[in-house]
Every structure is written in structure tokens, then in C-alpha cells.
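**Q** coords please:
(chains A and B)
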Amino acid sequence: MNLLAARWFEFVATGAGIIILVILAAVAAFLIWEATPALTADISELQKISWFNADSFLAFVAPLIFGTLLASLLALLVAVPLAVSIALFISHYAPRKFAGPLGYVIDLLAAIPSVVYGLWGALWLAPVIDPVFRWLTSFLGFIPLFADYQPPAKNIMTASLVLAVMILPIITAVSREVFLQTPRLHEEAALALGATRWELVRMAVFPFGRSGVISAAMLGLGRALGETMAVLMILSPGTLFSFFLLKPGQHQTIAANIASKFPEASGVSVSVLIATGLALFVITLLVNMAARWIVSRRSDFSGAN
Amino acid sequence: MASGAVAGVLALTLSACGADATETTPAATGGSDNTETAAASGAIAGAGASSQEKAMGGWIATATSALPDLTVTYEAVGSGGGREQFLGGGVQFAGTDAALKPEEKEAAVERCYGGEAVQLPLYISPIAVVYNLPSVDAANLNMSAETIAKIFNGDITKWNDDAIAAENEGVDLPDLDIIPVNRSDESGTTENFTEYLVDVAGDAWPHEASGDWPRSGTQSGNGTSGVIDTVTQTEGAITYADASRAGSLGTAALKVGEEYVPFSAEAAAAVVDASPRAEDASATNIVVELDRATTASGAYPMVLISYSVACSVYETEADANNVKAFLTYVASEAGQAVAAEADVAGSAPISAALRSEVQAAIDSISVAG
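**A** Sure thing, here's the model as predicted:
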């Protein structure tokens, strides 16, 4: 009987593992199949599409990839330090009474639909952050990054800030769990050597948790790369390779571009949009593989050994 | 006093009766369509322009009282997608902002069992130039097409620019940056707006007409609500949008001939009547070549026309009758009034002259064989 249960469980677990691979393969096959007409079409055919203003498909998708990566990396830049600090506070600083509820609140942020974040960003954050951007552009405008702000704040900076809030819960939750796993002995050893709380965190918690934090950041990056509604509702899009973070009409992400163009698309223009989706799929795959590689390289830092 | 009250009650009763009468017996008012309307039952599907989606929603919702046995669906897949589905035989009618292209008309002959495509301008929507200037009291700012073109091309950057001031004597214009806002998605509104600028503004508008905004580096919003929200938030911002969505924002009066015309349903319908028909137009192919440079008095030239496309010949009697009944309702005074309601689509009802032409075209729809 026990043996039967064990066999049965093995079967279910293996099945689940295979299903996820099949789904992934099916998505990839769908993307490739649907994108092929666009990838093989003559360029003159593509240029008949009213919004296709490039000389090749690659030239069309490149600025979108740039915008997607820029928005996601900016979001990561804001979210990771904040998330790690919050996770540390919950795991090592906050009184236990306080840590639990705070963790719940952070997790709650993950349950808010992205369209609500989009509304929040477009209708609340944009007007609120307007004076900050005005100040930035008038005092630090000599740095190209902050030059030429134009209200309203529908630029990549605002979009990235909203993305940062959206990926905050996942990074915080994973980091918190990792920090809580720090071996008690390491911590006590550090304290025995007379370490302060900060030194304890630096010497025992960070080295142990580094690979976990990187994994967490990559999970967050994955979400930021694919985020659609929030970007669509906040950003004034454009397709330039531009580092003007406060200027409108400079950047666009792949996902938001698909959502914006798809309703009126038909025929080969649908293929073009799906082909950009394929590009996003490949990027996400590369990012995840890079994360795996980093984590495996850092595994010797893990306190488990 | 007492007699006044009685008269009031009487009037109320009468009007209530009137409303009842038109609501319950719409078929009777249709005269010759009586038989078709009565026979309309089953389902027809349409697809196409998202511009007329709201109006179509209103028509479908209210048509149930006149045509209780008929189910109509409309999928807003975009003009191009709608024409494609219609020609492929997937839907019985289509909605499109642009009339069928010549090759599509050829394809329509096969799709329509040897007949042809019937194109009817049933949705006329005025587009307004909308701005956010709370300090300006004037009901409308006067703007010529050149001024609008220069504003949206970034050549006029301040609200108190001489070009604007010259057209608005006596209006106290603020020393404020102009922030032009355009649609970020492909849109029939953008296409009609840029067509207007190309036709009327001359050299002031150096771009071509297109459903996609030609300039980069601009503020923009996704969809009509996107641009309206952006302008509502930002003092000094200006955009173009479906006139019914302007709300409490200011709207520009356009220069037509020597006068300035603010948008209104009548003015929008007037420009359609004042415009010539397309070269290939016929009694059933009612395609309007909008004369945006019109100087006709009281015409508002910035309008979007969205066509309903049907077949002149259908395979089955049911399809022919259903399409006829539904389009008859859409073209009717009641149907046009539904779409004109501000909370439906705020469109401009077609004129009586155009209606009789459209009705004749609808009546010509027949069954193959």
C-alpha cells in the first residue's frame, strides 16, 4: 500500500514537471509559428504597416528591447536596495510582534492587480512627483539623464518607480526567507566576537543570503520585463535609444507596445507584434539563464557548506 | 393656476403616450420595412472600427425593444480587421473608418454573391481640440488650422503667442507652456485630425496624414481616456479627442472661411452634407469625400465618419432581413438619437437628406438567387 502511494506520488510529480515543460514548449512553438510570417516577410511588406517605421524587423524591435531593459533595470535599481533593507528589518531588526504584520502588508502589495498600479501611477503618483522632477531638471539638468523634463510626469522614470513598487513584494519576501535561514551558529559566532548588529548582518547574513537575493532580484526582473498595463497607462511612449529619463516620448516597452497596437492590428501586423513578443520571450530566457549562472557561481558563498 | 397645472399634467400624459407609442410600435413607423422588421429573427455579427464601438453598443442594447428576436453582436477588432472579417465571410456587416479600397471592393463582389458592398456613413463623430486652461474664461478659443498645426508641431510653444492672441482679441492668455498631447495608439481620431491639418493647414503641417502620430518625443496617452486624463491633469496641455469626451475642458472653435465654428452635432452633420461624394460613390456606395477645407457657413470640418459596410446580396433570406432591419434601426431617427446621447457616444445624427439616401440603399439589400 505504501509502495503504491509512493509510486503514485512519483507519477504525479513527474507529470507536473513534464506538463510545465510542455506548456513552455507550446508557448515557444506558438510564438515562433505566429511570428514566422513577420520574420520572413519582405521588408516592403512590413513597411506598409502604418506604425512600422524601420528598415528591418531588428531595427524595429531594438528600441523596444532597449526601453524594456531600461525600465526594468531602473526599477531593479530602486527596488533591490529597498527590498533588502525591508527584509533585513523584518528578519533581524524589527520586534517579532511587528515583523509578522509588516510581512503580511508587503505580501499584500503583490496581490494588487497591475492595472490598479497603472491607475495609481498615472493619476496619483505622476502629479505628486511632478515637483521633484521639476527640481531635478532645474538643478541637475546639466546631467543629460535629468535634462528637459516636461510635465506631466509620464516618463520612463515614473513608470520605473511604479514597476519598482510592483516588484518590491517578491524581492522582499524571498530575501526575508533567505535571511531567516542564516545559521544560528554563524550569527552567535559573530556576536561572540563582539560584532555589532550591522557587523553581524555584514559578516554572517549577507554572505549567506547573497545568492538568494540575486535569485529574488531576477524574479522581480522577470515581472518587470513583462509588465504591461502599468507601463501602458503611465508612459508617453516613443521608440528612441535615449537616456533622457525625464523626457516624454522617448521609450516604450515590448509588452506595452503589443497591448497598445494589438486592438487595431490585423494580418502581418499581428505577426510583427507576436515576433516582438518572441524577442521578449528570448530576453526573459536569457535573463533567467544568467541568473542561474550567477547563483551557481556564488553557491560556494552559501552558508550551507 | 389650476388650469396651468391641468395643462401640464395633460402634456405629461400625452408625451408619455407618445413615448410609449414610438417605443412599442417602431415597425409601424417604418412603413415599407414593416414586413422585414417583423421577420427579423436570429443572429447577425459585425466587427470593425473601435470608434463606433460605443454607438454600436447603444444600438444593440436599444434595438432589442424594436427587434426582440434579433441578436446582434459587434466586435471592435479595428477597421482593417473588420473589413478583413467581412470579406472573409466571417461577419455579416463591418464597421470601418476608411472606405473599402478598390481591391477590397473587388473582393466584396465574390463575398456578396455577385452583389457589391453597401457602404453607409452611419456614425459621424465630431473631433474637438481640447485644452486645459482654467484661467481662460472664454467659452472657446478661436484657432485656425495653421495655429493648431504649429501648436502640435511644436512651433508655437506658449499660450500667449502672438498667433493665438491675434485670433482671440480680448482674451487674457496666460504665459504658460503649451503641452501638446497625442494618441499613442493607432487611431481613426489621429488619422482624421492629421487629414484635417494636411488639407487645411498647408505648409504649417509638414507631416503626412496617418493613424499613427508622426512626431516623436511628445506627451501622449493610450486611447481617448488616456489623452483626456493627461490633459485634465496638466494645465496648459492640449489634445484632440472625440468631442463628447471633452467634459469641462475648453474646446477650440475652428476657423471656417472667415468665421470661427465651435463643434456641435448640427455643425458636424453640416460638413458631411456640404462635402462631395467619393468618385466611385453610387446609390448604395455612399462614401463621403470630406471637404475639410470647406468654407460653408456653420460647418465644423473636423469630424470622423465611420461606415457600416454590408452586402447588397446575402445568401440567406434571414441574413438579408436581419441586416436590413438592424441597419434600418441604426439609420432611423431613434437610432441616431441613441448614439448621440452623451453617455453613449455623443455622435452627430445624420441629416434627414442623408437618411433617405441611406434608407434607399438599405432597402436594396436582397437575397441571392
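
**Q** show me the domain layout of chain B.
**A** Domain segmentation of chain B under automatic domain parsing yields B:9-124+B:275-288+B:303-367, B:127-269.

**Q** nearest to residue A:84, out of the ones you listed?
**A** In terms of C-beta to C-beta, the element of the domains of chain B nearest to residue A:84 is domain B:127-269, at 33.8 Å. No exception for glycine: its C-beta is placed from N, CA and C like everyone else's.

**Q** between the two ends of the closest one, what distance do you get?
**A** Its start and end residues considered, domain B:127-269 measures 12 Å (C-alpha to C-alpha, to the nearest Å).

**Q** how far is that domain from where the chain is centred?
**A** 18 Å (C-alpha atoms, centre = their mean, to the nearest Å).

**Q** make TSV out of the domains of chain B and add mean pLDDT, distance to residue A:33 and mean neighbour count.
**A** Output for the domains of chain B, formatted as TSV (pLDDT from 0 to 100; distance: least, C-beta to C-beta, whole Å; neighbours: other C-beta atoms under 10 Å in any protein chain shown):
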stretch	mean pLDDT	distance to residue A:33	mean neighbour count
domain B:9-124+B:275-288+B:303-367	84	20	19
domain B:127-269	92	25	20
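
**Q** among these, which is nearest residue A:159?
**A** When those are compared by C-beta to C-beta, domain B:127-269 sits nearest residue A:159, at 12.6 Å.

**Q** close to chain A, is that closest one?
**A** Yes. Using C-beta under 8 Å from any C-beta of the partner chain, domain B:127-269 comes into contact with chain A via B:177, B:179, B:181, B:184-187, B:210-212, B:216-222, B:226, B:229-230, B:233-234, B:237.

**Q** for chain B, what are the nearby residues on the stretch 1-150 of chain A?
**A** Counting by C-beta under 8 Å from any C-beta, the stretch 1-150 of chain A sits next to chain B at A:50, A:51, A:122, A:123, A:126, A:127, A:150.

**Q** helices of the chain, start to end?
**A** Using chain A here. A:2-40, A:43-46, A:57-88, A:96-109, A:114-119, A:126-139, A:156-180, A:184-192, A:197-200, A:206-226, A:229-234, A:254-261, A:268-297 (DSSP state H).

**Q** ah, no, chain B please
**A** In chain B, the helices defined using DSSP H lie at B:2-24, B:26-29, B:34-39, B:53-66, B:79-87, B:102-111, B:145-152, B:162-167, B:188-200, B:223-233, B:265-274, B:317-331, B:333-340, B:352-363.

**Q** ok, residues contacting the fifth one?
**A** Okay, so that is helix B:79-87. Under the contact criterion C-beta atoms under 8 Å, 6 or more residues apart in numbering or on different chains, helix B:79-87 has outside partners A:264-267, B:46-49, B:51, B:77, B:91-98, B:100, B:104, B:107-108, B:111, B:188, B:306, B:309.

**Q** tilt between it and helix A:268-297?
**A** Counting by axes from the mean of the first three to the mean of the last three C-alpha atoms, to 10 degrees, helix B:79-87 lies at 120 degrees to helix A:268-297.

**Q** okay, and for the stretch 51-200 of chain A, where does confidence drop off?
**A** Counting by pLDDT under 70, not a single residue of the stretch 51-200 of chain A qualifies.

**Q** and residue B:106, what is it in contact with?
**A** Here residue B:106 is in contact with no residue (C-beta under 8 Å, 6+ apart).

**Q** and for residue B:247?
**A** Contacts of residue B:247 (C-beta under 8 Å, 6+ apart): B:228, B:232.

**Q** quick check: the gap between residue B:197 and chain A.
**A** Here residue B:197 is placed at a distance of 16 Å from chain A (C-beta to the nearest C-beta, to the nearest Å).

**Q** that residue: what's it in contact with?
**A** By C-beta under 8 Å, 6+ apart, residue B:197 lies in contact with B:145, B:148, B:149, B:152, B:204, B:205, B:207, B:209.
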